[in-house]
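**Student:** build me a structure from this.
(2 chains)
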Protein chains: 2
Amino acid sequence: MLFADITLIDENFECKEHQWVGVLEDKVVYIGDCAPENAAAYGEVYEGAGRLLMPALYNTHAHAPMTLLRGYAENLPLQNWLNDMVWPFEAQMNGEDNYWATLLACAEMSRYGCVSFSDMYYYTPQRAQATIQAGMKANLCTSPLAFEPKDISEFPCFAEMEDGVANHNGEANGRIKFEACVHAEYTNNDVTCKSIIDWAKKNGVGMQIHLSETASEVEDCKARHNGMTPVQWFDSLGAFDVPLTAGHCVWVNEEDIKILAAKGVSAAHNPASNLKLASGFAPVPDMIAAGVNVCLGTDGVASNNNHDMFQDMYLMAMLHKGKNLDPTLVTPKEVLAAATVNGAKAQGRLDCGLVKVGYKADLCVLDVTGPQWCPMTNPLVNIVYSGSGSDVVLTMCDGAVVYRDGAWPGIDVDAVKAEVAARTQRIIAQVNA
Amino acid sequence: MLFADITLIDENFECKEHQWVGVLEDKVVYIGDCAPENAAAYGEVYEGAGRLLMPALYNTHAHAPMTLLRGYAENLPLQNWLNDMVWPFEAQMNGEDNYWATLLACAEMSRYGCVSFSDMYYYTPQRAQATIQAGMKANLCTSPLAFEPKDISEFPCFAEMEDGVANHNGEANGRIKFEACVHAEYTNNDVTCKSIIDWAKKNGVGMQIHLSETASEVEDCKARHNGMTPVQWFDSLGAFDVPLTAGHCVWVNEEDIKILAAKGVSAAHNPASNLKLASGFAPVPDMIAAGVNVCLGTDGVASNNNHDMFQDMYLMAMLHKGKNLDPTLVTPKEVLAAATVNGAKAQGRLDCGLVKVGYKADLCVLDVTGPQWCPMTNPLVNIVYSGSGSDVVLTMCDGAVVYRDGAWPGIDVDAVKAEVAARTQRIIAQVNA
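**Tutor:** The predicted structure is shown next:
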């Protein structure tokens, strides 16, 4: 495809008008201020008038199958939310439920410009199948809630992990990756955590964790582990010697932030979830200032309640100004970088996240003709604050269109919605039985 | 128009499926679970499959012409934002600029389901003209920045106020109202403020003010006025004896809140603006608990940066959970009420803000077929957290369609955008000259 005469957010997050961007196979191969000589070789010419081309978004902390729980557990204290609602619901979810829910999550993410997600849940084959069908990318992982100090090989999920590395890591031309996972400090122990880290090193894969999401999690950890914060505890076990993405990072202190920066940990900021579950405000400006790779995530739909990464960009841009009473904090460029190239880096996809020659063609196109985009005095500002994910009209992953103008080439959304609605009703009936 | 077999948010903010809603002239005249007998009398039948009908939104604190400043002044401390950017820009705005910018604001508001706005700015005739052309409603006001203690009749804007009451209040079948205004305590004085209150009483009109937006505003007021907060100062002058809408109410204390509740003041919550300008978090849960009429506003686009009231609903639902570390605070019903019937009440439009027989037909229709709406376990939750203003496909004001499927019957949006873009460029050039 050849994007012709289009407004472009370039590899430096600067906005350039009247650009031509050529995609061949899975890569961007041409960017210039005129058409390439061999324009015909690119196939379809996409007219750029009224359109803005930018890198697609990377969602670095998700639980895609939780889409089934949209609107199910609301306005509840965290422990009731988990114990009384979320866990009983999840206990009824089977493999097919996970497949259909992941497909719906993929439809929603791609509709809002996202092509790749880091996903911590169960049923890896079903999640991989749905992601591949949707044409998207995912870093999948799974782990036990390991309250007993046993080697990871002794847990039932170990078979899924071995299968994930053997049969899914690298699947679909590298679109699927399988990673290690420690759900969180508070659901794990030294022995199991250490064995998962060793497993990750042995298999050369990255790792995903929940980290310092709530204040009580940090206090409980310190009580359990000789005053160590969750960051210090994971660090003491060597977790940060593995490429690691840590979800939330809300209650990290100054010392924690230094460790995250020094060890190259990616911090997946989840502003919507942190608000909705009343977890708190992550110290994003401090993490950015310290050089932490801050990226963005939606978390699960049960605590968001959607997969619109533009909404999380907006929240990231807004919240820290209000929280710190400082309107100079967090720039549009920092937000866009978090949602794109920083996220790709967190996923170990180093040729993704920018519109750049030689990079994978992971792109999204916005319709900027709506009144909310006028005037266009500062396009980056309009992207972050004025527009929305609904303005996305085309999403491309590895050079292939995964969403365009209300249609998904890989997904029959009406069928998926019918399946998800019916399965949700079945599960709620089972829970209430 | 007859909305047929549609999902309805009813007058109690409960969701009912398979409803018929009939509109004749400017009112809702029929609601039922089957078609009315005289169905043909309603004209067009609007098929309700995949659609949700709810009350239209009321924006109770806006500065519509500031749409020209979208993206102009960003990431700046408040004083630089005002002194170096906003005020020099505004000094170059003429009457025609205000007309075109208000038209653009109306297009944006109605596209996102809003039919009415309370607007504090200048150039009342131009704002009224644009609002009427757009088919919308507005409570317009204007006031001096009155640093000298003079009677309101001695200020140049007095002529605009007199003209507003004489020629615009009640215009277009009551769609336009003109109100009194005191910009804020920090831009006014006892003498002028008192004379504006007297003018409001004499003319039987409501009033709009900015109230306790920043912490320094409150501290400075206390220093100037014997320890009185802005709420106490306005109260001491009798401002709350007039029907009054107070924008922001961020730094109101417990005593202030009691006064606001006792005097029936409407508090216009502006969550986006309060975040972006780093003003703080309004004590919305406390105000709701105390019985204050909490409504919602976008504020001007220079501090938002759009007119999407759904985004402000989302922020209202999310922020106070995070700020107070309590996920039980602020329910979807409270948010919907703030954005609809509470806002209509603030504007003195007591037959508006609900889908109810006998009420004005101020409605919006959402397309709920997108993946972000599935499953629909709790429609109110999906409206507030999962969908967005972009899902609005029809907005009706006083029974007339003002937005539908990307088109505005009263506004040539392409022409408006071209005018606004050119005028913004001209003003920026003038500022920089």
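**Student:** so which strand or helix has residue A:119?
**Tutor:** strand A:114-120 (DSSP states H and E).
**Student:** adjacent strands (with direction) for that strand?
**Tutor:** The pairing partners recorded for strand A:114-120 under DSSP bridges are strand A:57-62 (parallel), strand A:137-141 (parallel).
**Student:** mind putting the ones you listed into JSON lines with mean neighbour count, distance to residue B:365 and mean pLDDT?
**Tutor:** C-beta here means a position set from N, CA and C on the backbone, and glycine is covered the same way. Listed next are those as JSON lines, based on neighbours: other CB atoms under 10 Å in any protein chain shown; distance: least, CB to CB, whole Å; pLDDT from 0 to 100:
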{"stretch": "strand A:57-62", "mean neighbour count": "32", "distance to residue B:365": "29", "mean pLDDT": "98"}
{"stretch": "strand A:137-141", "mean neighbour count": "29", "distance to residue B:365": "35", "mean pLDDT": "98"}
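**Student:** for chain B, what's the nearest residue on chain A?
**Tutor:** residue A:390 (3.2 Å; CB to the nearest CB).
**Student:** looks to me like that residue is in a helix.
**Tutor:** Yes - with DSSP: H, G, I helix; E, B strand; the rest coil as the criterion, residue A:390 is part of a helix.
**Student:** which residues of the stretch 151-300 of chain A fall in strands?
**Tutor:** In the stretch 151-300 of chain A, the segments counted as strands under DSSP state E, counting those that start in this stretch are A:176-182, A:207-211, A:244-248, A:266-269, A:293-296.
**Student:** now do the third one against strand A:207-211, angle only.
**Tutor:** Put plainly, it is strand A:244-248. Between strand A:244-248 and strand A:207-211, the angle comes out at 30 degrees (axes from the mean of the first three to the mean of the last three CA atoms, to 10 degrees).
**Student:** same question for the first one.
**Tutor:** On the basis of the same axes, to 10 degrees, strand A:176-182 is oriented at 40 degrees to strand A:207-211.
**Student:** contacting residues around strand A:176-182?
**Tutor:** A:118, A:120, A:124, A:128, A:131-132, A:137-143, A:161, A:164-165, A:168-170, A:188, A:192-193, A:196-197, A:199-200, A:203, A:205-209, A:234, A:239, A:242, A:347-348 (CB atoms under 8 Å, 6 or more residues apart in numbering or on different chains).
**Student:** just the ones in helices from the residues you listed, please.
**Tutor:** Among those, the ones falling in helices (DSSP state H) are A:124, A:128, A:131-132, A:161, A:192-193, A:196-197, A:199-200, A:203, A:234.
**Student:** follow-up on the earlier one: put together TSV for the strands of the stretch 151-300 of chain A, with mean neighbour count and mean pLDDT on each row.
**Tutor:** Output for the strands of the stretch 151-300 of chain A, formatted as TSV (neighbours: other CB atoms under 10 Å in any protein chain shown; pLDDT from 0 to 100):
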stretch	mean neighbour count	mean pLDDT
strand A:176-182	27	98
strand A:207-211	28	98
strand A:244-248	27	98
strand A:266-269	31	98
strand A:293-296	27	98
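**Student:** look up the closest residue to the spatially most central residue of chain A, ignoring the ones flanking it.
**Tutor:** By CA atoms, centre = their mean, chain A has its centre lying nearest to residue A:59, at 1.6 Å. Take residue A:59 and drop its neighbours on the chain: the residue closest to it by CB to CB, 6 or more residues apart in numbering or on different chains is residue A:117, 4.0 Å away.
**Student:** quick check: beta-bridge partners of that neighbour?
**Tutor:** residue A:59, residue A:138.
**Student:** might you report the residue contacts of residue A:214?
**Tutor:** So residue A:214 contacts A:78, A:250-251, A:279-280 (CB under 8 Å, 6+ apart).
**Student:** which members of these additionally contact chain B?
**Tutor:** A:78, A:279-280 (CB under 8 Å from any CB of the partner chain).
**Student:** neighbour-wise, which of these leads?
**Tutor:** Neighbour counts for those (other CB atoms under 10 Å in any protein chain shown) peak at residue A:279, which has 26 neighbours.
**Student:** before we move on, the earlier item: hang on, the residue nearest to the centre of chain A packs against residue A:118?
**Tutor:** Yes - using CB atoms under 8 Å, residue A:59 is in contact with residue A:118, at 7.0 Å.
**Student:** can you work out which residues contact both of those two?
**Tutor:** residue A:297.
**Student:** rewinding a little: using JSON lines, lay out the strands of the stretch 151-300 of chain A together with distance to residue A:221.
**Tutor:** Output for the strands of the stretch 151-300 of chain A, formatted as JSON lines (distance: least, CB to CB, whole Å):
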{"stretch": "strand A:176-182", "distance to residue A:221": "13"}
{"stretch": "strand A:207-211", "distance to residue A:221": "10"}
{"stretch": "strand A:244-248", "distance to residue A:221": "14"}
{"stretch": "strand A:266-269", "distance to residue A:221": "17"}
{"stretch": "strand A:293-296", "distance to residue A:221": "22"}
